[in-house]
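Peer 1: I need the structure of the sequence given here:
(4 chains)
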Number of protein chains: 2
Amino acid sequence: MSESLKEDISKRIRFEQFKKGELVHNADLICTKSYFIQDGILRTYFLKDGKEISEYFCSEGEWINSPRSFMQRKKDIYYIDAIENTDVYCLDVNDLLFLFDHYPEMERYSRLSMGTLFGHLIERITSLRFTTAREKYEHFCQTYHDVNHRIPLGMIASYLGISQETLSRVRAKR
Amino acid sequence: MSESLKEDISKRIRFEQFKKGELVHNADLICTKSYFIQDGILRTYFLKDGKEISEYFCSEGEWINSPRSFMQRKKDIYYIDAIENTDVYCLDVNDLLFLFDHYPEMERYSRLSMGTLFGHLIERITSLRFTTAREKYEHFCQTYHDVNHRIPLGMIASYLGISQETLSRVRAKR
DNA sequence: TAATCTTTTTGATTTAAATCAAAAGAAATA
DNA sequence: TATTTCTTTTGATTTAAATCAAAAAGATTA
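Peer 2: Next comes the predicted model:
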């Protein structure tokens, strides 16, 4: 990464803090920012039949946004909230596009990190098809073992597409 | 797209044909090619407990490969086979990397099309969590309605993570 | 510290879908 | 065209997980 790019990024990112339970992004708005987590956990979720369904969790060292809203500049169904008090650096979509336009290496970085993210999504799809609740949870533990016990049981259950009672019983049997 | 890029691409892609049921990519090998479908349907699948589990289907106008194998140059669990007699244009990973190195616009094209693909995967995850078999199939019909009846029932069932008997009954009730 | 609210666990019952089994219908092959 | 093979449908039974209900445990606030 070139010096001028580093400088340009640091000029554009801004530090922000969110309290536990606070809404980071509201689905009523277009998501114009991407958040890099310094400390804490953020969650993406959407509403189905009035209930919150967790989509994914991000912790230290990861970027989070509402992907389609951010990339396609339109509204989407996803909310983002803070599971713990969380410190982030945020980058506006316009600044990101500026960086894409001025630094070809940014395009490349983006392509490569998309590839990784892509892999995660495929893993996720595979795990959702494992039929039993136990297998789903096992898979969750593998991918999220570091944050497993920092996330409330009910949120994990909706992420896995199983009821909280079932998840509680699955955990009890380990 | 610049003329020289167009020319460079057409010099590098090669026409190939596969018979119905033929293996396009074997999971024992690294996937070094990406296939653009001109006519027909290709399927990605993997084996679980000796059974084929369909991962996704691609038809006319779409690109298919074994993503992690192709992008990270390592073996992965996915096979690709032909559901119908299929005509494709194929592009080697080295040629693609050459194009990335020589045409910044290729990086951009890749980034944008990844964004779309990303959206599809998120849709997919959402649909897999819809609890009932009927809802899963409804969602499949929306995204794959044009190829729905060109794909055998059993393959759709494994794609959705439900049994073929259940899918047959779901269909009967429509 | 008590009181309230939230989250998790435990128990009983119901239900959707899996499994087992076999017949019917299509497609491929001789 | 008949025969074999593969795919889909239908029926009976079982099972995993949802739902309903309530208690226990853990947080948060007064």
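Peer 1: and chain A, which residues reach DNA strand C?
Peer 2: Where chain A comes near DNA strand C, counting by C-beta under 7 Å from any atom of the strand, the residues are A:T131, A:P152, A:L153, A:G154, A:Q164, A:E165, A:L167, A:S168, A:R169, A:R171, A:A172. Bear in mind the C-beta positions are built from the backbone N, C-alpha and C, glycine included.
Peer 1: count of neighbours near A:K75?
Peer 2: 15 (other C-beta atoms under 10 Å in any protein chain shown).
Peer 1: For it, which residues are in contact?
Peer 2: Residues near A:K75 by C-beta atoms under 8 Å, 6 or more residues apart in numbering or on different chains: A:A27, A:D28, A:L29, A:I30, A:S69.
Peer 1: Is it correct that the first one falls within a helix?
Peer 2: Put plainly, it is A:A27. No - A:A27 sits outside any helix when classified using DSSP: H, G, I helix; E, B strand; the rest coil, being coil.
Peer 1: Could I get the phi/psi values of A:E55?
Peer 2: Main-chain dihedrals, A:E55, degrees, to the nearest 10: phi -100, psi -50.
Peer 1: oh, I was asking about A:I64
Peer 2: Torsion angles, degrees, to the nearest 10, at A:I64: phi -140, psi 140.
Peer 1: Any figure for the gap between it and B:V24?
Peer 2: Taking C-beta to C-beta, to the nearest Å as the criterion, A:I64 is separated from B:V24 by 36 Å.
Peer 1: The two: which has the busier surroundings?
Peer 2: A:I64 (26 against 22).
Peer 1: Can the worst-scoring helix or strand of chain A on mean pLDDT be said to contact DNA strand D?
Peer 2: Using mean pLDDT, DSSP states H and E, helix A:104-129 stands out as the lowest-scoring helix or strand of chain A, at a mean of 84. No - using C-beta under 7 Å from any atom of the strand, we find that helix A:104-129 stays clear of DNA strand D, coming within 11.7 Å at best.
Peer 1: about what we covered before: identify the farthest-apart pair in the contacts of A:K75.
Peer 2: Using C-beta to C-beta, those span at most 10.8 Å, a distance reached by A:D28 and A:S69.
Peer 1: More neighbours: those two, which one.
Peer 2: Between A:D28 and A:S69, counted using other C-beta under 10 Å, the more crowded position is A:S69 (20 against 7).
Peer 1: who are the neighbours of the strand or helix carrying the more buried one, in terms of helices and strands?
Peer 2: For A:S69, the host element (DSSP states H and E) is helix A:67-72. If you count contacts as 3 or more C-beta pairs under 8 Å, 6 or more residues apart in numbering or on different chains; DSSP states H and E, helix A:67-72 packs onto helix B:104-129.
Peer 1: Swap in 10 Å and give it another go.
Peer 2: With contacts defined as 3 or more C-beta pairs under 10 Å, 6 or more residues apart in numbering or on different chains; DSSP states H and E, the packing partners of helix A:67-72 are strand A:33-39, helix A:93-102, helix B:104-129.
Peer 1: now the angle between helix A:104-129 and the second one, please.
Peer 2: What it means is helix A:93-102. Counting by axes from the mean of the first three to the mean of the last three C-alpha atoms, to 10 degrees, helix A:93-102 points 120 degrees away from the direction of helix A:104-129.
Peer 1: out of the contacts of A:K75, who's nearest DNA strand C?
Peer 2: A:A27 (19.7 Å; C-beta to the nearest atom of the strand).
Peer 1: Spatially nearest residue to that closest one (excluding sequence neighbours)?
Peer 2: Leaving aside its sequence neighbours, A:A27 sits nearest to A:Y79 (C-beta to C-beta, 6 or more residues apart in numbering or on different chains; 4.9 Å).
Peer 1: who touches that neighbour in this structure?
Peer 2: Residues counted as contacts of A:Y79 (C-beta atoms under 10 Å, 6 or more residues apart in numbering or on different chains) are A:23-28, A:31, A:43-47, A:52, A:55, A:66.
Peer 1: right, and the helix or strand after the helix holding A:S69?
Peer 2: strand A:79-82.
Peer 1: ok now that next one, how far from the chain's centre?
Peer 2: Its chain's C-alpha centre and that of strand A:79-82 lie 9 Å apart, by C-alpha atoms, centre = their mean, to the nearest Å.
Peer 1: Quick check: mean pLDDT of it?
Peer 2: For strand A:79-82, the mean pLDDT works out to 95.
Peer 1: Only alpha carbons, please: show that strand as CSV.
Peer 2: Listed next in CSV are the C-alpha coordinates belonging to strand A:79-82 (Å, rounded to 0.1, in the frame of the first residue of the first chain):
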residue,chain,number,x,y,z
TYR,A,79,-30.4,-3.0,10.1
ILE,A,80,-27.1,-2.9,12.0
ASP,A,81,-26.9,-2.7,15.8
ALA,A,82,-24.2,-3.0,18.5
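Peer 1: Got phi/psi on A:K75?
Peer 2: As for A:K75, its main-chain torsions (degrees, to the nearest 10) stand at phi -70, psi 150.
Peer 1: Could you measure from it over to A:T116?
Peer 2: According to C-beta to C-beta, A:K75 and A:T116 sit 27 Å apart.
Peer 1: just to revisit the earlier point, out of the contacts of A:K75, who's near DNA strand D?
Peer 2: Subset of the contacts of A:K75 in contact with DNA strand D: empty, counting by C-beta under 7 Å from any atom of the strand.
Peer 1: List just the nearest of those residues to DNA strand D.
Peer 2: Taking the contacts of A:K75 together and measuring to DNA strand D by C-beta to the nearest atom of the strand, the closest member is A:A27, at 23.3 Å.
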